[in-house]
Every structure is written in structure tokens, then in C-alpha cells.
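In: Build the 3D model from these lines:
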Amino acid sequence: MDGFRCDAGYMIPVMAWKYMVAKVRDHYPDTTFLLEDLGRKITMTRDLMNTANLNWPYSELFENYENEENENY
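Out: Numbers count the residues shown, from 1 in each chain. Model (predicted):
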């Protein structure tokens, strides 16, 4: 897979991600961006995914807990 694991991606402003993702995809349109989110608020994750055009969120919470437990967290 051609892509980036974006560790601590929530620490980078959404507009910075939007710019970086667009620049990379200008040259490599099939690049995948995996967001490490570490259990931040779902609204922050959604904003990064939808506004910055990242592909997939990742957190150890997703593999260690059920959806209902994550929503309560």
C-alpha cells in the first residue's frame, strides 16, 4: 500500500492536513492516509476525515473495545 500512517494526527490543524493531503494527491492520487486518533472526540475525528480528506481513522480503542463502549468514552 502506498500511504502514510499519520501518528498523532489530531495534533495537526485540520487546514494543514487539508493542504498536505491535497498536495500529495496532486502527484499521487491513490495515496492512503491513516489517522491515528487515540480516542479523541468523534467530532474531531470526523472533521479530520471529512474536511482534510483522510482515509481511515485508527485507535487502539477500536480494537480493544466494542462500539458502545467507545461511544461512551
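In: Now do the contacts for Asp4.
Out: You called it Asp, but residue 4 is Phe. Going by C-beta atoms under 8 Å, 6 or more residues apart in numbering, Phe4 touches 24, 31-34. All C-beta spots, glycine's among them, are computed from the backbone N, C-alpha and C.
In: what do you get if the cut-off is 7 Å, keeping everything else the same?
Out: Phe4 makes contact with 33-34, according to C-beta atoms under 7 Å, 6 or more residues apart in numbering.
In: Have a look at this structure and report its longest helix.
Out: helix 14-27 (DSSP state H).
In: Show me where the chain has its strands.
Out: Listed from the start of the chain, the chain has strands (DSSP state E) covering 3-6, 32-36, 56-58.
In: Using CSV, lay out those together with distance to Thr43 and mean pLDDT.
Out: Formatted as CSV, the strands of the chain follow (distance: least, C-beta to C-beta, whole Å; pLDDT from 0 to 100):
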stretch, distance to Thr43, mean pLDDT
strand 3-6, 18, 90
strand 32-36, 14, 90
strand 56-58, 12, 79
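In: For Glu66, find the nearest of these.
Out: strand 56-58 (16.4 Å; C-beta to C-beta).
In: who does the closest one pair up with?
Out: Sheet partners assigned to strand 56-58 using DSSP bridges are listed as strand 32-36 (parallel).
In: per-residue confidence at Met11?
Out: On the pLDDT scale, Met11 is placed at 87.
In: just to revisit the earlier point, highest mean neighbour count out of the strands of the chain?
Out: strand 32-36 (a mean of 18; mean count of other C-beta atoms under 10 Å).
In: Report the angle between that one and helix 14-27.
Out: Calculated by axes from the mean of the first three to the mean of the last three C-alpha atoms, to 10 degrees, strand 32-36 forms an angle of 160 degrees with helix 14-27.
In: If Glu36 is in a bridge, with which residues?
Out: Tyr58.
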